[in-house]
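Undergrad: Have a look; sequence and predicted model below, questions after that.
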Amino acid sequence: MLAAEKKNELEKNALNVREHIVNMSTHGGCFTGASLSCADILVYLYHDYLNIGPHNFKDPQRDYLFLSKGHDVPALYGMFVEKGWMTRDRLINNHLKSNDDIYWHPNRKVDGIEFHSGSLGHLPSVALGVAYDCKMKKQSNKIICIVGDGECDEGSVWEAMLVASAKKINNLTIVVDRNHFQANMATEDLIPLEPFADKFIAFGAEVRRIDGHDFAALHDAFLALPFHSEKPSVIICDTIRGKGLPSIEARADRWFCNFNDDEVTSLLKELHGAATTELVSETLIVR
């Protein structure tokens, strides 16, 4: 059971991470809606579950997180700021600048990033390889790979699941950010994924489906890993694109956003529960 004090701490961290995401959504923009849906998952993992940090970035015994849904990197970097691994000034001032490696997708030159991503569907196989290696060495590392639901249109995701099942890779967990959108279209209107859990079960995984914004549910699910002693685990997290900003929540056109400074100011007010009548969602521009 997640203690109330811990839950409040996680919620505070998640709010701060969402603020970083909004601040990155200008002067070139970022994948705002998708990053906001994934924020709570990343906050829980880095705050309360994974053994990763500057003390062990290169330690073979560390836990691993692979962000296959690479366009969610604003949420990941926002979490790095909250952990003290990156300064807020570096994040905001160097985003998309030629003097740094902070841009639309993860880059291994940034401390804490395990692998480049952006080409969807690639990292489940990378995570599988790492998990297999750790298992052969009889290590106890936790291996987490976060994928998007639209990313699951990629055959490589399912190939990785087949191999993980065949090799009984029970130290691998695939986390699906199920925000029901891919790019600028609803998943079920393009290539329907449901019944989603049944598909992973058919490929040999043990599956749980939870509310990806509920820290108690996240806590209970990750605490129960592995779900099976001889199967990979999958956690499908039902989330909301644009979570935290009602004016852009669950909107197909709020995947990549490049707001002007005034719009960012209004969105930050909305994030903190102080939206004004001047904030009308139709006026927010995606460039």
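TA: The structure has been received and is ready for your questions.
Undergrad: how about the closest residue to Thr173 other than its chain neighbours, phi and psi?
TA: Residue nearest to Thr173 in three dimensions, not counting chain neighbours: Ser233, with 4.5 Å by CB to CB, 6 or more residues apart in numbering. For every residue, glycine as well, the C-beta is placed using N, CA and C. Per-residue torsions, Ser233: phi -110, psi 150 (degrees, to the nearest 10).
Undergrad: Okay, now the unreliable bits of this structure?
TA: 274-287 (pLDDT under 70).
Undergrad: How about the contacts made by Ile143?
TA: The contact partners of Ile143, taken as CB atoms under 8 Å, 6 or more residues apart in numbering, are Asp63, Tyr64, Phe66, Ala127, Val130, Ala131, Cys134, Asn171, Leu172, Thr173.
Undergrad: Return the residues in contact with the third one.
TA: Phe66 makes contact with Glu114, Phe115, Ser117, Leu123, Pro124, Val126, Ala127, Val130, Ile143, Ile144, Cys145, Ile146, according to CB under 8 Å, 6+ apart.
Undergrad: Go through those and flag which are in helices.
TA: Among those, DSSP state H puts Leu123, Pro124, Val126, Ala127, Val130 in helices.
Undergrad: Turn those residues into JSON lines, including neighbour count and distance to Ala250.
TA: Formatted as JSON lines, the entries for those read as follows, by neighbours: other CB atoms under 10 Å; distance: CB to CB, whole Å:
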{"residue": "Leu123", "neighbour count": "29", "distance to Ala250": "26"}
{"residue": "Pro124", "neighbour count": "27", "distance to Ala250": "26"}
{"residue": "Val126", "neighbour count": "19", "distance to Ala250": "31"}
{"residue": "Ala127", "neighbour count": "28", "distance to Ala250": "29"}
{"residue": "Val130", "neighbour count": "20", "distance to Ala250": "34"}
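Undergrad: Quick check: of the residues you listed, which lies closest to Asp153?
TA: Closest approach between these and Asp153, by CB to CB: Pro124, at 13.0 Å.
Undergrad: Please enumerate the helices of the protein.
TA: Counting by DSSP H, one finds helices in the chain at the ranges 4-23, 32-44, 73-83, 88-94, 123-136, 155-166, 187-190, 196-202, 215-223, 261-271.
Undergrad: picking up where we left off before, nearest to Pro106, of the contacts of Ile143?
TA: Nearest to Pro106 among these, with distances taken as CB to CB, is Phe66, at 9.0 Å.
Undergrad: Quick check: beta-bridge partners of the closest one?
TA: Residues in a beta bridge with Phe66, per DSSP bridges, are Cys145.
Undergrad: you'd agree Met1 is up against Ala216?
TA: Yes - at 7.4 Å, Met1 counts as touching Ala216 under the criterion of CB atoms under 8 Å.
Undergrad: Counting neighbours around each, name which of the two comes out higher.
TA: Ala216 (16 against 8; other CB atoms under 10 Å).
Undergrad: Nearest residue to that one in space, ignoring adjacent ones along the chain?
TA: Of all residues beyond its chain neighbours, the one nearest Ala216 is Leu2 (4.5 Å), with distances taken as CB to CB, 6+ apart.
Undergrad: can you count the residues close to the nearest residue to Met161 once chain neighbours are set aside?
TA: With CB to CB, 6+ apart as the criterion, Met161 has its nearest non-adjacent residue at 4.1 Å, and that residue is Phe203. Taking other CB under 10 Å as the criterion, the count of residues near Phe203 is 20.
Undergrad: so what's Phe203 up against?
TA: The contact partners of Phe203, by CB under 8 Å, 6+ apart, come to Trp158, Met161, Leu162, Ser165.
Undergrad: and Asp262, what does it touch?
TA: For Asp262, no contacting residues are found, by CB under 8 Å, 6+ apart.
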